[in-house]
Structure formats: C-alpha cells, structure tokens
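Novice: quick one, structure for this:
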Amino acid sequence: MAEEDKALAILYLNLTKRKRTVDPITVAESVRRLVELHGSSAKVAEMVGVSDSTIQIWLKIAHLPREFKQYILDGRIKPVAAYRIASAFKVSGEQLEVARALLDWPENEIAMVIRYKKRNPSKSIEECKQFVIEEAKRDLVTRSLKELS
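Specialist: So this is what the prediction gives:
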C-alpha cells in the first residue's frame, strides 16, 4: 500500500498540480504500476483527477525501450515528442531508430518528420528528416524575401 500511496502522490503533484517533483520516467513508471494494480487507465485517471488520455500518454512512455527512456531522462527528447514517436511507430526498433535520428530536435519538427514519414512510408527516417530540413530552409528564404520587399 505504501508503494501505491507514493505512486499516487507522484501523479497528483506532477499531473494535477503541475509541479515537477520527479523525472518524467518516474511519472510514467508510477502510472504503469497503478494501472497494473487497478486494472485500467480510466480508474487511475479518476483516482488522480486527470483525463484517461493523460494516463494513456504516460503509460505509452512507460513501455518505451530503456534506451529511449534514457533519452527522455537526458532531456534529449521531450515526453510529448516521445509519445508521438511511440504512437506513430509501434515496434520498439522503429521507435529507437526514429528517436536516435531526432535527438535534440524541437517537438514541432519531430511532429513534422513523423507526419511526412506516415505519408511516405517507403522513405527512410533520414530522408524524412532531410525533407523537413529542406522545407524549413525554403520557408526561411521565402520569409527573408518577403521582408526585403
């Protein structure tokens, strides 16, 4: 019961009060433990006072490969971006490949790479990454030209 109370306290402070008292992986593991204990993400969401989708996000992060979790702990991938990658790529090998390719990238650009990859499944993640870089360059040139006019 003490472990359950600790996990609930972690979630309450970090998800409802938005106070970062622990790292994101500890939050995710607390979610995982409580879902295992109570049988559903909906029950845990109700206990903590957050939406079921919030619990689902953290649960998906809890099931990421260890190496991927370390990238989150190191601050090289934000939890929201990690969730996007995990949702888009179901196989852990693919998740790691994408994570490695997008280390230290901003969340919005990660989302762009994922969208492009989903529309172009035959392209490698590196090709998708290159497309987003080229697109950003074109946008920058277009904005610069508009400012000069």
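Novice: which residue ranges form the helices in the chain?
Specialist: With DSSP state H, the ranges of helices along the chain come out as 2-11, 24-38, 41-48, 52-62, 66-73, 79-88, 92-101, 107-119, 125-148.
Novice: chain center to the fourth one: distance?
Specialist: I take that to be helix 52-62. Distance, stretch centre to chain centre, for helix 52-62: 10 Å (CA atoms, centre = their mean, to the nearest Å).
Novice: that one packs against which elements?
Specialist: helix 24-38, helix 41-48, helix 79-88 (3 or more CB pairs under 8 Å, 6 or more residues apart in numbering; DSSP states H and E). For every residue, glycine as well, the C-beta is placed using N, CA and C.
Novice: now render the ones you listed as TSV, adding mean neighbour count, distance to E134 and mean pLDDT.
Specialist: Formatted as TSV, the helices and strands packed on helix 52-62 follow (neighbours: other CB atoms under 10 Å; distance: least, CB to CB, whole Å; pLDDT from 0 to 100):
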stretch	mean neighbour count	distance to E134	mean pLDDT
helix 24-38	19	32	92
helix 41-48	18	40	91
helix 79-88	20	21	94
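Novice: so which of the ones you listed gets nearest S122?
Specialist: Smallest distance to S122 across these (CB to CB): 15.6 Å, for helix 79-88.
Novice: tell me what that closest one is packed against?
Specialist: helix 52-62, helix 66-73, helix 92-101, helix 107-119.
Novice: okay, it in PDB with CA atoms only?
Specialist: Taking C-alpha atoms only, helix 79-88 is exported to PDB below (Å, rounded to 0.1, in the frame of the first residue of the first chain):
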ATOM      1  CA  PRO A  79       7.900  13.400 -23.200                       C
ATOM      2  CA  VAL A  80       5.300  14.800 -25.700                       C
ATOM      3  CA  ALA A  81       7.600  14.100 -28.600                       C
ATOM      4  CA  ALA A  82       8.400  10.600 -27.200                       C
ATOM      5  CA  TYR A  83       4.700   9.900 -27.000                       C
ATOM      6  CA  ARG A  84       4.200  11.000 -30.600                       C
ATOM      7  CA  ILE A  85       7.000   8.700 -31.700                       C
ATOM      8  CA  ALA A  86       5.700   5.800 -29.700                       C
ATOM      9  CA  SER A  87       2.200   6.300 -31.100                       C
ATOM     10  CA  ALA A  88       3.400   6.500 -34.700                       C
END
